[in-house]
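[1] Quick check, what structure comes out for this input:
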Amino acid sequence: MPIRPEFWGIPHEWNPALWSYSMMFLAALILLVRVYLHARWWWQVGRPERRWDQLPLRMWRLIRYAIVQTKVLDQRYPGVMHVAIAWSFFVFFIGTTLAAVNSHLFEVLQLLGNTTAREHPETFVFLKGDVYLVFKLILDLAVVMFLIGAALVGYRRFVQKPARLTLDNRFVFTFVMLVVIVVGGLIVESLRLAVEKPAWAWWMPAGWLVAQLWLVTGASNETLVTWHLGFWLVHLGTVVLTLVTLPVGTLVHVLTSPLNIFFSKLDRPMGQLAPMAQTQEGKPIYASTLRGLTWKQLLDGDACTECGRCQDACPAFAAGTPLSPKQVIVSIREALKRDGAVLVRGNGATPLLVGETIQDAVVWSCTTCGACVRECPVLIEHIDTIVDLRRYLVSEGKLDAQLQDALAKLGRYGNSFGKSERLRAQWAQTLQPKLKDARKEPVEYLWFVGDYAAYSPSVVDLTRQTAQVFQRAGLDVGILYEAERNAGNDVRRIGEEGLFEVLVEKNVAALSKATFQTIVTTDPHTYNTLKNEYPRMTNEQMTNDKLQRTPVLHYAELLDTLITSGKLKFSKKLNYTVTYHDPCYLGRYNGVYDAPRRVIEATGCKLVEMPRHRDRAFCCGAGGGRIWMEEGAVKERPSEARIREAAALEGVTVFVTACPKDVTMFRDAVKTTGNESRLVVKDLIELVNEAL
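    Sure thing, here's the model as predicted:
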């Protein structure tokens with residue numbers, strides 16, 4: 001084994017190392033400059049946002065999502081395809097770096113005057129003997145792994161051609177460059193093996209097999225050496241060209257995506273929106289142009305890989321609305337490329353972000369279900385951006401008449417039905433014993449009922465059943481009666497921040513007058529905003545974040561606890577075959593998956609999971625205020641798609657959900673899809689009440 005195996009292959013009369021290092025250094029410098037010239041727009045155009053906290057956790061997420069790529073692997077075919085290419089290049093980068101250090105470390109130390117390096121250079125060569133053989137084997141296997149990944153890419157992109165993917169000339173150029181780099185490296189190494197014929201050539205099986213092709217040609221060693229130099233120059237040139245063009249090609253995501261993952265949201269749960277941005281004078285900042293977005297939201301655009309996973313999971317896109325979460329993010333990227341320089345110089349008018357770059361209908365189509373955020377492998381935060389765009393539209397009065405009417409009712413009456421607050425507890429008049437008024441006497445559980453559960457004629461019977469189950473379990477429970485207002489979850493996601501604050505203020509005032517230990521609600525939307533967005537509280541007064549937050553439970557969690565503790569015992573088994581729909585704001589937003597399933601199984605029902613369930617459950621279409629908006633032209637409502645999915649399950653006769661809005665949406669969908677004789681939509685409390 002030589003003291004210094006040349007990392008570029010066969011030694012030539014001139015010094016290829018000098019050429020390679022010079023070219024690579026220049027290419028890397030051009031790469032960094034070009035990336036900086038674009039990246040500076042993030043903070044020069046975008047608003048400030050604190051994303052430098054919790055560095056250890058951010059580093060862990062970088063390893064988990066950018067290097068190990070766990071979210072990429074959520075989907076098998078594209079996951080294996082991408083990981084094969086990405087991990088092989090991780091190996092190539094580390095291997096090339098180690099080989100360069102191995103070849104030149106002692107030279108550097110000699111220049112620095114190290115006596116040992118001058119007298120015993122072999123001391124500083126670490127890639128030798130068996131270590132060198134294993135090193136070469138790993139690099140060779142990485143080549144094979146890349147070729148497998150490239151073959152999968154070629155088939156997917158040029159044969160399958162999924163509609164969700166973006167296929168343009170930039171991608172084709174990048175793909176060809178990567179293939180030429182790796183195949184070129186393989187050819188260079190195979191020519192070296194063909195010339196030197198080392199005894200250890202089998203440690204590089206791919207390179208050795210290709211070397212046999214050169215030997216079959218009968219070419220002389222001189223010819224093979226010439227070919228080696230030619231292919232090595234092509235290999236080096238391709239690497240240089242790829243680096244230089246990387247900032248304007250699809251491969252730029254190898255830089256921007258890890259950055260986006262590193263700076264992803266840590267300080268607040270998924271169900272908590274960022275507050276309305278304000279100037280130092282307290283005036284609201286609207287996302288009318290790119291300057292209304294934060295630097296992180298601009299980075300989202302440049303980090304998007306255009307894989308289309310968000311689009312595939314989006315219920316609004318599936319329904320045929322104009323919304324594609326991918327296109328929203330890509331539009332922001334394109335707007336930054338187009339307007340970034342003008343905004344920085346401040347010497348020209350820039351197009352509006354909403355209404356010109358992104359159409360109003362696109363923004364209003366979102367159900368805020370969170371599926372896009374869950375699917376994104378680089379942790380883009382689509383919903384925060386869409387809500388910021390909605391805030392601007394609301395400020396300009398650009399919303400449909402039906403939504404304007406709902407907001408007007410919410411502002412005047414505190415509910416979207418436009419009914420008097422005195423009627424809020426009308427459903428409870430027939431209950432015996434009467435539900436306690438939590439404002440007048442202490443209770444253990446404060447039941448925040450919510451609008452649909454209190455006012456909707458199709459749901460109030462379920463609300464009464466819930467109260468009866470609570471009473472049979474012996475719970476000390478009370479309500480706020482007419483003092484309760486809409487919790488504001490969907491109001492905030494519409495973009496009406498001012499009305500949300502008014503609703504919070506009134507609810508907080510009512511809660512402050514009540515004495516209780518735990519809040520419970522049947523509405524996942526209410527559950528989310530009380531749990532994640534309301535100020536922290538004690539039983540006596542609203543306080544700051546340093547104090548323990550009052551527990552907020554969804555009734556499925558409470559029922560699960562009551563069953564487990566033995567306070568709720570069933571007298572019969574139902575023996576239904578059912579399926580369960582995970583409400584977005586209960587499951588994906590707050591991770592409550594097991595409690596409702598345990599309750600279902602406790603009633604004696606057999607649970608058959610939907611094809612899309614738990615964190616991948618499909619939305620009913622009501623969220624984000626969509627239940628208050630004009631429907632418009634759609635191919636198929638999300639609720640109808642969901643019912644068809646359930647109806648296809650063998651033996652399932654009951655469709656179970658745990659949300660008042662879901663009950664409304666799905667019972668209507670059962671009728672419109674013609675499945676009334678096939679499926680019955682039931683709320684979780686109906687199963688519990690029947691089993692009692």
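[2] make it CA atoms for all contacts and neighbour counts henceforth
    Noted.
[3] Next up, phi/psi of residue 656, please.
    phi -100, psi 140 (degrees, to the nearest 10).
[4] ok, now which ones touch it?
    Counting by CA atoms under 8 Å, 6 or more residues apart in numbering, residue 656 touches 578-581, 681-684.
[5] Among the residues you listed, which one sits closest to residue 142?
    The closest of those to residue 142 turns out to be residue 581 (CA to CA; 43.1 Å).
[6] which residue packs closest to that closest one, ignoring adjacent ones?
    Nearest residue to residue 581 in three dimensions, chain neighbours excluded: residue 657, at 5.2 Å (CA to CA, 6 or more residues apart in numbering).
[7] Next: residue 364.
    The nearest residue in space to residue 364 (CA to CA, 6+ apart) is residue 390, at 7.3 Å.
[8] quick one: pLDDT of the one you found?
    Looking at residue 390, its pLDDT reads 97.
[9] Quick check: it touching residue 491?
    No - assessed by CA atoms under 8 Å, residue 390 is found out of contact with residue 491, at 11.0 Å.
[10] how close does residue 192 get to residue 229?
    Distance, residue 192 to residue 229, using CA to CA, to the nearest Å: 10 Å.
[11] for residue 428, that is, sorry about that
    87 Å.
[12] For the residue lying closest to residue 616 once chain neighbours are set aside, list the residues it contacts.
    Nearest non-adjacent residue to residue 616, counting by CA to CA, 6+ apart: residue 371, 7.0 Å away. By CA under 8 Å, 6+ apart, the contact set of residue 371 is 310, 313-314, 588, 616, 618.
[13] who wins for neighbours among these?
    residue 314 (27 neighbours; other CA atoms under 10 Å).
[14] ok, it to residue 533 distance?
    24 Å.
[15] Could you pull up the mean pLDDT of the longest helix seen in the chain?
    Ranked by residue count, the top helix of the chain under DSSP state H comes out as helix 76-111. On average, the pLDDT along helix 76-111 is 89.
[16] do the same with stretch 635-649
    Mean predicted confidence for stretch 635-649 is 96.
[17] Run the chain-centre distance for it.
    Computed by CA atoms, centre = their mean, to the nearest Å, the separation of stretch 635-649 from the middle of its chain amounts to 24 Å.
[18] What residues of it count as buried?
    637-644, 646-647, 649 (16 or more other CA atoms under 10 Å).
[19] cool, and stretch 381-395?
    381-394.
[20] what's the distance between the most centrally placed residue in the chain and residue 486?
    Closest to where the C-alpha atoms of the chain average out (CA atoms, centre = their mean) is residue 373, at 2.8 Å. From residue 373 across to residue 486, the span is 26 Å (CA to CA).
[21] can you check residue 355 too?
    30 Å.
[22] Repeat that for residue 75.
    Distance from residue 75 to residue 486, by CA to CA: 39 Å.
[23] of these two, who's got more company?
    residue 486 (24 against 13).
[24] Low-confidence regions, the protein specifically.
    Within the chain, the stretches with pLDDT under 70 are 1-17, 348, 536-548.
[25] Please repeat the previous calculation with a cut-off of 80.
    Counting by pLDDT under 80, the chain contains low-confidence ranges at 1-19, 103-114, 117-123, 166-168, 267, 346-350, 535-549.
[26] Quick one: the helices in the stretch 151-300 of the chain, in order.
    169-196, 205-217, 221-245, 253-262, 295-303 (DSSP state H, counting those that start in this stretch).
[27] buried stuff in stretch 279-299?
    285-299.
[28] mind checking the end-to-end distance for that stretch?
    Stretch 279-299: ends 22 Å apart by CA to CA.
[29] Now do the same contact list for residue 278.
    284-285.
[30] Tell me how far it lies from residue 533.
    18 Å.
[31] Residue 56: how many residues sit nearby?
    Residue 56: 9 neighbours (other CA under 10 Å).
[32] Show me what the helix or strand containing it is packed up against.
    Taking DSSP states H and E as the criterion, residue 56 maps to helix 55-61. In this structure, helix 55-61 packs against helix 253-262, with contacts taken as 3 or more CA pairs under 8 Å, 6 or more residues apart in numbering; DSSP states H and E.
[33] Could you pull out the buried residues of the helix it packs on?
    Neighbour-count burial for helix 253-262 [16+ other CA under 10 Å]: 253, 256-262.
[34] contacting residues for the closest residue to residue 461 other than its chain neighbours?
    Using CA to CA, 6+ apart and skipping the chain neighbours, the partner closest in space to residue 461 is residue 427 (7.8 Å). Counting by CA under 8 Å, 6+ apart, residue 427 makes contact with 454, 460-461, 463-464.
[35] Tell me which of the helices of the stretch 151-300 of the chain is the most buried.
    helix 295-303 (a mean of 25; mean count of other CA atoms under 10 Å).
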